[in-house]
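Enquirer: have a look; sequence and predicted model below, questions after that.
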Amino acid sequence: MTTAAKSKKTSLKRFLRKRAIYYIIPNVCFNFIVAYASFQELGYTHFFAGPQSLARLTLPMAIFLPVILTMDIINRVIVAAEKESIEVAIDHTLNKNRFITKLCLLHGIVTGLLVLALLLLAQQSLTVNHKLDPTLMALLDAVLAGLLSILFTYLPIYRLKKHLHEPLPKVQIEVDDSYRGV
């Protein structure tokens, strides 16, 4: 393999770092803007009650963001490995669709249940009629989106690593044209 071909390949760590930046910035901005606009309309919000409750915005994000990020990052790593643009290869025995589906469902369900439990715990610790500050809740929603973006960029690859290996070097076979078999 020539040095030019080696220099084009990037490491998995660098690939993931770049993808994490692409995921964090839009998720934090979008989730802050949507939550801020929704909550400012009312002037306050509650955990579960009212037309724009914190749970109404946070729970769908906590379920679907991990699913989408898990699916996207695994697909991108698989495509990059198949194109040989990163320094790893995928085990050919891996059933990619089954692996992605199982991991997406697991990440979405577990994250959704954890966020629901945290919201229920926070509601129990405060009074029922407690009104939440809209700006603070929008910031909390954006921070959660950022944390989920980082977590679900690296966590799926942690699970995929047992199916990754170093690519085999390409061997060039020279054929001797002077020999013609009978």
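Expert: Yes, it's here. Numbering: from 1, shown residues only.
Enquirer: check which helix or strand Ala62 maps to.
Expert: helix 54-82 (DSSP states H and E).
Enquirer: can you list the helices and strands that that helix packs against?
Expert: helix 12-42, strand 89-90, helix 96-125, helix 134-160 (3 or more CB pairs under 8 Å, 6 or more residues apart in numbering; DSSP states H and E). Yep, even glycine has a C-beta here, placed from its N, CA and C like the rest.
Enquirer: let me know whether Ala20 touches Ile150 as I believe.
Expert: Yes - the pair Ala20 and Ile150 qualifies as a contact (CB atoms under 8 Å) at a distance of 5.8 Å.
Enquirer: neighbour-wise, which of those two wins?
Expert: Shown here are Ala20 and Ile150; by other CB atoms under 10 Å, Ala20 has more neighbours (18 against 15).
Enquirer: identify the residues contacting the more buried one.
Expert: Ala20 sits next to 149-150, 153-154 when contact means CB atoms under 8 Å, 6 or more residues apart in numbering.
Enquirer: return the member of those nearest to Val77.
Expert: Thr153 (10.4 Å; CB to CB).
Enquirer: so who does that closest one touch?
Expert: Each residue near Thr153 by CB under 8 Å, 6+ apart is listed here: 16, 19-20, 23, 69, 73.
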